[in-house]
Each structure stands twice: as C-alpha cells, then as structure tokens.
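Asker: let me see the structure of the following:
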Amino acid sequence: QVQLLESGGGLVQAGGSLRLSCAASGRTFSSDTMGWFRQAPGKEREFVAAVFWSLGTTYYADSVKGRFTISRDNAKNTVYLQMNSLKPEDTAVYYCNVARAGSNYWGQGTQVTVSS
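Answerer: This next block holds a predicted model:
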C-alpha cells in the first residue's frame, strides 16, 4: 500500500507559477512511475506529467509541454510539479499518482486555481 501526501496548490494569477509536491510513504521501486493528473469541474481526469522512477524519463501532456516540469527526489520519495506560465484553463484539482505493478494509487488532490 502506498500513501501519497500532496501540497502546494493555491490561487495564482495567469502567468504566475506554483510548485506541487507529492511525498510517497514507504519505499519506491525502480519500476514505479509517479505522476500528476488533473480534473476540472465537469471534465474527466486527465494526464498531466509523469516520471519513470529509475531512469528519470519524463512524459508530458501536449497542453503543458514547455510550461510544466516534473522532477523527483529519490532520497525523499517525492515528486514535484513546477508549473510556470499558468493559464486559467489549468484550473483543476491536481492528483498525484503512483503506478506500480498494475495498480494505481492516488493522493487526495490539491486545488489549483488560476485567475484571469
């Protein structure tokens, strides 16, 4: 079982920045993929970014490429999402995710609101 604790959401003006953090309890495994999804009101949850834990390979949704950066701290079992040049359409609840051996684990979500 993996527990995920997210932090860093909030209210920011368009063009601003926020950094989200997600700390995973217990150890991580080399085959883990950690990432972020988001869900806006009335919309389905969508992929934002992910990092393959062992190699550090990163993946991004087209909508955030060039603006968001995902990174990890192996020693702290923590993944970060640096969000720059935020847009009102980035407003959503952001969820941390760990994919491990065919199972998905989710954090409780953190609200990001971008005002125009």
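Asker: from P41, how far off is the closest residue to G109 other than its chain neighbours?
Answerer: Once flanking residues are discounted, G109 sits nearest to V93: 4.3 Å by CB to CB, 6 or more residues apart in numbering. Every C-beta, even on glycine, is put in place using the N, C-alpha and C of the backbone. Going from V93 to P41 by CB to CB, to the nearest Å gives 9 Å.
Asker: all strands for this structure, in order.
Answerer: 4-7, 10-13, 18-24, 33-39, 46-52, 58-60, 68-73, 78-83, 92-100, 103-106, 110-115 (DSSP state E).
Asker: those strands into a markdown table, with extra columns for mean neighbour count?
Answerer: Formatted as a markdown table, the strands of the chain follow (neighbours: other CB atoms under 10 Å):
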| stretch | mean neighbour count |
| --- | --- |
| strand 4-7 | 17 |
| strand 10-13 | 13 |
| strand 18-24 | 20 |
| strand 33-39 | 22 |
| strand 46-52 | 19 |
| strand 58-60 | 16 |
| strand 68-73 | 17 |
| strand 78-83 | 22 |
| strand 92-100 | 21 |
| strand 103-106 | 13 |
| strand 110-115 | 17 |
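Asker: what would those look like in TSV with mean pLDDT?
Answerer: Shown next, in TSV, are the strands of the chain (pLDDT from 0 to 100):
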stretch	mean pLDDT
strand 4-7	94
strand 10-13	98
strand 18-24	96
strand 33-39	96
strand 46-52	97
strand 58-60	97
strand 68-73	95
strand 78-83	96
strand 92-100	96
strand 103-106	93
strand 110-115	98
